[in-house]
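Sharing a model prediction with you, sequence too.
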Amino acid sequence: MPSWPARRRPSGVGAARRAGTAAALAAALLGAVSCTGTASPPPAVAGTAPATTGAASTPTATATGSPPPAQVPDVLRFTGTTLGGAAFDAAQLAGKPVVLWFWAPWCATCASQAWTVAEVAPRYRDTVPIVGVAGLGEQRAMKEFVTEFDLGGTPQLEDRKGVLWKRFKVTEQSIFVIIDRNGTIVHQGFLDGEALAARVAALAGA
């Protein structure tokens with residue numbers, strides 16, 4: 001605690017006068033205190049609401065006015081690593097429709113779909129994210145596939161061990177898994193380029 005400088009002891013008539021003033025002030029304060037020992041509340045000022053007590057209500061939005069974070073569904077509770085070596089957490093996609101594309105670098109069908117993915121994904125990046133999940137191949141071949149078909153603007157996860165393929169029960173390529181904004185899988189199977197573009201456009205407008 002801070003050490004305050006010592007005050008000089010009052011003496012003489014001045015001390016008695018100050019003591020009398022203090023006693024009068026104490027008597028006035030005691031008169032304003034209720035029988036419970038708490039001071040009476042001050043009178044309300046016209047035009048102001050009375051103060052309330054108790055716990056504050058839980059806010060439904062952040063201080064900036066943005067909505068609270070979306071609840072993460074079980075289907076999006078997974079992580080991975082992109083072919084570029086960056087960490088990826090699917091929880092960040094909660095509240096949006098999501099398209100997972102399971103492909104292999106040697107797959108001719110995947111190559112034909114890659115052009116559509118490269119065209120559609122950047123357009124709907126903020127509304128319907130498309131995430132590639134590469135498996136059944138070597139990492140070098142996967143990277144070459146991404147470069148060849150200009151897929152660098154879309155997250156492409158490296159899944160050589162098949163962890164995500166097993167999680168979503170994918171047994172062959174090329175498979176699209178479409179998840180709606182509530183976390184429900186609404187499609188799992190093959191889609192050609194035209195069908196994929198139509199499904200993504202519909203999800204963006206939903």
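Structure received.

Just the pLDDT at Ala39, thanks.
What the model reports for Ala39 is a pLDDT of 38.

And the one 5 residues further on, by the same measure?
What the model reports as pLDDT for Ala44 is 42.

Number of residues surrounding Glu148?
Neighbour count for Glu148, taken as other Cβ atoms under 10 Å: 11. (Glycine included, C-beta is placed from N, CA and C.)

Now Leu76: closest residue in space, sequence neighbours ignored.
Leaving aside its chain neighbours, Leu76 sits nearest to Ala90 (4.3 Å; criterion: Cβ to Cβ, 6 or more residues apart in numbering).

Please apply the same query to Ala204.
Counting by Cβ to Cβ, 6+ apart, the residue nearest Ala204 is Thr127, at 4.5 Å.

cool, and Thr79?
Nearest in space to Thr79, with sequence neighbours left out and distances taken as Cβ to Cβ, 6+ apart, is Asp89 at 5.0 Å.

can you check Gln156 too?
Spatial nearest neighbour of Gln156, chain neighbours left out: Gly132 (4.1 Å); criterion: Cβ to Cβ, 6+ apart.

Quick check: that neighbour is in a strand.
Yes. With DSSP: H, G, I helix; E, B strand; the rest coil as the criterion, Gly132 is assigned to a strand.

Fine by me, thanks again.
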